[in-house]
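1. I would like to see how this sequence folds:
(one chain, ligands or ions: 1)
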Amino acid sequence: MHNLIPSAVPVIAIDGPSASGKGTVAELVATQLGFHYLDSGALYRIVALAAKQQNIDWDNAFAVAECAKTLSIEFKNSQVFLNGADISEAIRTEEMGKGASRVAVHAPVRAVLVNLQHSFRTAPGLVADGRDMGTVIFPDAALKVFLTAATEVRAQRRYQQLINKKQTNDDLKVSYDDILQDLRERDARDQARASAPLIKANDAILLETDHLGIAQAVAHVMQNYQLIRNF
Ligand code: C5P
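-> Down below sits the predicted model:
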């Protein structure tokens, strides 16, 4: 007799603090496996941008959640569209990173984004990166990884990225000390919030990248996934 229940689409959940390298690692793992990729942080950045455009206070949970409900978000290749407009660059600023962590504190805002995140789980598989992929959104993920590095290491990486990009006047004004301070604030806010705080899932593998290059981190995730697949 055939098994009529299809096995769930596999998910690899990669969580961790800002600038830990999880986005780059997640994208590369997704490419190697031919899986879909979800950058869940982008969703919170989009909500922050939309709220700003509508003059909504990031600390107003109800108004931000109502705003989030109305958004039409589309990912096409590596571009992101909000209500038809390309906002790929606009959401990547330090300001929107901060705004994202402010709007992400609100449980009603997080609730609005749950179904959208689940909709990315399609065959042959999904690699999802964020803060609560393994704990809240995909608790049944096949593999959970918690990627982290010392705050100073992450601040240095983020600073280098901004220098390489020099994308906006705002970013040009940012110093290493500003970035370090901002990362500390964001980590504290992400870890202390009541709703889906940044925390390593009990069944997640801890991957510290202080002395690990991107290629090594990707190889580590791939090896762990192959082990599970062959089990
Ligand atoms: O990953 P990224 O830096 O783009 O995320 C921006 C902010 O969005 C984070 O600082 C965090 O507050 C929030 N976030 C979240 N849950 C996720 C992804 C991001 O709360 N799954």
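2. From here on, just use CA atoms for contacts and neighbour counts.
-> Will do.
3. looking at it, residue 19 is touching residue 158, isn't it?
-> Yes: with contact defined as CA atoms under 8 Å, residue 19 counts as touching residue 158 (6.1 Å).
4. Around the ligand, which positions in this protein sit nearby?
-> Contact residues (CA under 6 Å from any ligand atom) of the chain with the ligand: 18, 40-42, 44-45, 97, 100-101, 104, 130-133, 186, 190.
5. helices and strands of the protein: which one has the lowest mean pLDDT?
-> Every helix and strand in the chain was compared by mean pLDDT, DSSP states H and E; the lowest is helix 169-172, with a mean of 54.
6. Beyond that one, next helix or strand please.
-> For helix 169-172, the following helix or strand on the C-terminal side (DSSP states H and E) is helix 176-192.
7. now that next one: how far from the chain's centre is it?
-> Here helix 176-192 is found 16 Å from its chain centre; the criterion is CA atoms, centre = their mean, to the nearest Å.
8. And that helix, what's buried?
-> For helix 176-192, the neighbour count (16 or more other CA atoms under 10 Å) marks 179-180, 182-184, 186-187, 189-191 as buried.
9. Likewise for stretch 126-140?
-> Of the residues in stretch 126-140, 126-135, 137-140 count as buried by neighbour count, 16+ other CA under 10 Å.
10. got it, and stretch 211-223?
-> Buried positions in stretch 211-223, judged by neighbour count with 16+ other CA under 10 Å: 217-218, 221-222.
11. pLDDT weak spots in the chain?
-> When residues are selected by pLDDT under 70, those of the chain lie in 1-7, 166-173, 231.
12. Now with 80, please.
-> Flagging of the chain using pLDDT under 80 yields the residue ranges 1-7, 165-174, 230-231.
13. hey, where'd the strands end up in it?
-> Residue ranges of the strands in the chain, as given by DSSP state E, are 11-15, 36-39, 73-76, 79-82, 85-86, 126-130, 143-148, 205-208.
14. Indicate which one of the ones you listed is closest to residue 226.
-> Closest approach to residue 226 among the strands of the chain is made by strand 143-148 (10.1 Å; CA to CA).
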